[in-house]
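Asks: Dropping a prediction and its sequence here:
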Amino acid sequence: SRSKSGHVNEVRFDDTEGAEEIRIIGAKDVNLSAGADLNVNSTSYSLAADQGIIINAANQGIAISAANQGVTINAPNASGAALNVAGLVGANAFQGDGSALNNLPAAALTGTINDARLSPNIARLNASQTFSGVNSFLAPVGIGGAASSDLLNIQGTARLNEFDLYLRGNNGDTAHGLGWYGEGKPFGGVNVDGPVLYGFSGGALGSVAGGLKTVLLWNYLGNVGIGTDTPGAKLDVAGAFRADSISGDGSGLANLNASSLAAGTIPAGRLPSNVALQNVDAAFASVRSTGLLRSGSETGTSQLPNRPGLVIRRINSTSSANGQILARTDVLTLERDSSTSGLLIRYPASPGVQTINGLGMSNTGTLVPVHLVLNSPATAGTQALFANAQRIVHAQVSFGNTYNASHLTQVVLDRSDDGSSINDNYWIGTVISTYNQ
């Protein structure tokens, strides 16, 4: 039909007229004005080259209402697209190659994306719902709880299942770690059946309270140090240690405190040579003392000694020079008088009351008794006991402060006198005293 202006308002074909298609020949377009549609019911509509269907206004479209109908575009238009739509395209379904589609909303996707369509940096679970392959996480990860500022935050129990936890680097360094070792997985040939902490050159245990402190350290030589970072033995302790008991070879121990010995007996072979030892009869074979010697219980008399201990020693005087001392107390001295046999007592000023008793025997057997009391003379001096002319060959002398129960010295002396031998001036004997000689 045509309008009054001569335009075609509608071209209608139906099956009764045997029409099957509309064909436009030449470089012409089919233009639809506002409110107009191009309806194809059962036939087809063909356009030649450089032809198109142009829809310029809203409420226009191409309506295909029956089966076996469609729009087929075999060549792109001038813009390079076979179909150019400025607006929405609605359809029950699309098919064909959709690789050129963009700006697809993820929320509109249904179904499951195939693994092959995922990018290689996406971590994937296998059929056992575990991650396979090598996966890197650059942001904090939380397991059993929310992620924290730490790269990995595990709130719950973690199991390594006999694998090791390596502590250093991502370059394949396996020399520093922590793991279980035991049957089927020995450490250094030992079935530990427990955790092993190891390092390339050694390792340490420490604390941080009050500052970083190394409590225990070990090195690759198998040495363990406590209080030292350079252990030189299997166990090297810098400082004191406590133990209920210690067993093994103690020959290397030094600076042992003898007062700390609580049990056992020291063998005689371990004692130095200057220690006096008793024989099988519980008697001393030889005793030498350079100081006071206490012997006996000191409990068999009515009064205990007020000067505990005695000095017993030999007198060996071979020089007759004046001033040669044979014995002494804390105040008096028994001396030679520069003659062959003469003896004297020397005293200081105000010596207190001193008693001197003696008995000599001459080379002819004559006894010569001596009894003297020095009643604290004001000036120092000497007191003769035996003169050289008396030719004394045996003498017993006791001297000291018996008045105040102070020190007392007793001497027994003997001398040879044949009138010609050079040994005539030797006095040999013994001194017993409460005062160190």
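Replies: Arrived safely, thanks for sending.
Asks: which non-adjacent residue is nearest the residue positioned nearest the centre of the chain?
Replies: Taking Cα atoms, centre = their mean, the centroid of the chain lies closest to residue 216, which sits 1.7 Å from it. Ranked by Cβ to Cβ, 6 or more residues apart in numbering and with sequence neighbours excluded, the top spatial neighbour of residue 216 is residue 205, at 4.6 Å. Using the backbone N, CA and C atoms, a C-beta is placed for each residue, glycine as well.
Asks: Where does pLDDT dip in the chain?
Replies: 1-83, 85-86, 281-303, 419-423 (pLDDT under 70).
Asks: what residues are up against residue 366?
Replies: Contact analysis of residue 366 by Cβ atoms under 8 Å, 6 or more residues apart in numbering lists residue 390.
Asks: and if we set it to 10 Å?
Replies: Residue 366 makes contact with 360, 390, 391, 392, according to Cβ atoms under 10 Å, 6 or more residues apart in numbering.
Asks: residues near residue 177, how many?
Replies: 16 (other Cβ atoms under 10 Å).
Asks: Residue 372 is in contact with residue 356, correct?
Replies: Yes: here residue 356 reaches residue 372: they are 4.2 Å apart, a contact under Cβ atoms under 10 Å.
Asks: before we move on, back to that, may I ask you to confirm that the residue nearest to the centre of the chain belongs to a strand?
Replies: Yes: when DSSP: H, G, I helix; E, B strand; the rest coil is applied, residue 216 is found to be in a strand.
Asks: how far away is it from residue 238?
Replies: 12 Å (Cβ to Cβ, to the nearest Å).
Asks: what residues are shared contacts of those two?
Replies: Common neighbours of residue 216 and residue 238 (Cβ under 10 Å, 6+ apart) are 225, 226, 227, 231.
Asks: which ones are touching the second one?
Replies: Pointing back at residue 226 there. Neighbouring residues of residue 226 by Cβ under 10 Å, 6+ apart: 214, 215, 216, 217, 235, 236, 237, 238, 239, 241.
Asks: circling back: the residue nearest to residue 216 against residue 199, yeah?
Replies: No: with contacts counted by Cβ under 10 Å, residue 205 stays clear of residue 199, the gap being 11.8 Å.
Asks: helix, strand or coil for the residue nearest to residue 216?
Replies: Following three-state DSSP, the label given to residue 205 is strand.
Asks: same check, this time on residue 116
Replies: Residue 116 ends up helix, using three-state DSSP.
Asks: ok, now which ones touch residue 306?
Replies: 405, 406, 434.
Asks: Buried only: go through the residues you listed for me.
Replies: 406, 434 (16 or more other Cβ atoms under 10 Å).
Asks: As JSON lines, the contacts of residue 306 with secondary structure would be great.
Replies: Formatted as JSON lines, those follow (three-state DSSP):
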{"residue": "405", "secondary structure": "coil"}
{"residue": "406", "secondary structure": "coil"}
{"residue": "434", "secondary structure": "coil"}
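Asks: JSON lines for the contacts of residue 306, including distance to residue 127?
Replies: JSON lines is the format used below for these (distance: Cβ to Cβ, whole Å):
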{"residue": "405", "distance to residue 127": "110"}
{"residue": "406", "distance to residue 127": "110"}
{"residue": "434", "distance to residue 127": "105"}
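Asks: The residue nearest to the centre of the chain: what's it in contact with?
Replies: 203, 204, 205, 206, 224, 225, 226, 227, 231.
Asks: sorry, back to before: farthest pair within the shared contacts of residue 216 and residue 238?
Replies: Spatial extent of the shared contacts of residue 216 and residue 238 (Cβ to Cβ) is set by the pair 227 and 231 at 9.6 Å.
Asks: Can you pull the residues that touch both of the two?
Replies: Taking Cβ under 10 Å, 6+ apart as the criterion, residue 227 and residue 231 both touch 216, 217, 237, 238.
Asks: picking that back up, which of the contacts of residue 366 tops the neighbour count?
Replies: Neighbour max across these (other Cβ under 10 Å) = residue 392, 27 neighbours.
Asks: Make sure it is actually in contact with residue 368.
Replies: Yes: with contacts counted by Cβ under 10 Å, residue 392 reaches residue 368, the gap being 6.5 Å.
Asks: Overlap of the contact sets of those two?
Replies: 358, 359, 360, 361, 362, 385, 386.
Asks: Pick out whichever of the residues you listed sits closest to residue 259.
Replies: Closest to residue 259, out of all of the shared contacts of residue 392 and residue 368 and judged by Cβ to Cβ, is residue 358, at 46.2 Å.
Asks: Enumerate the positions of stretch 345-358 that are buried.
Replies: Buried, per 16+ other Cβ under 10 Å, within stretch 345-358: 345, 346, 347, 351, 354, 355, 356, 357, 358.
Asks: how far away is residue 382 from residue 171?
Replies: 100 Å.
Asks: ok, these two, which is more surrounded?
Replies: When residue 382 and residue 171 are compared for neighbours, residue 382 comes out ahead with 12 against 5, by other Cβ under 10 Å.
Asks: bridging residues for that one?
Replies: residue 346 (DSSP bridges).
Asks: Tell me the gap between stretch 157-174 and the middle of its chain.
Replies: 23 Å (Cα atoms, centre = their mean, to the nearest Å).
Asks: coming back round to it: among the contacts of residue 366, which are in strands?
Replies: Among these, the ones falling in strands (DSSP state E) are 360, 392.
Asks: ok, which pair from the contacts of residue 366 is furthest apart?
Replies: Maximum distance among the contacts of residue 366 (Cβ to Cβ): 9.6 Å, for 360 and 391.
Asks: Show me the common contact partners of the two, please.
Replies: Contacts common to residue 360 and residue 391, judged by Cβ under 10 Å, 6+ apart, are 341, 366, 368.
Asks: so can I have TSV of the residues you listed showing distance to residue 109?
Replies: Shown next, in TSV, are the shared contacts of residue 360 and residue 391 (distance: Cβ to Cβ, whole Å):
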residue	distance to residue 109
341	138
366	147
368	142
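Asks: picking that back up, top of the contacts of residue 226 by number of neighbours, please.
Replies: For the contacts of residue 226, neighbours tallied by other Cβ under 10 Å; top is residue 217, 20 neighbours.
Asks: contacting residues for the closest residue to that residue other than its chain neighbours?
Replies: Excluding the flanking residues, the one nearest residue 217 by Cβ to Cβ, 6+ apart is residue 204, at 4.3 Å. Residues near residue 204 by Cβ under 10 Å, 6+ apart: 197, 213, 214, 215, 216, 217, 218, 219, 225, 229.
Asks: Which single one of the residues you listed is nearest to residue 257?
Replies: residue 225 (24.3 Å).
Asks: Okay, and the beta partners of the closest one?
Replies: Applying DSSP bridges, one finds that residue 225 bridges with residue 217, residue 236.
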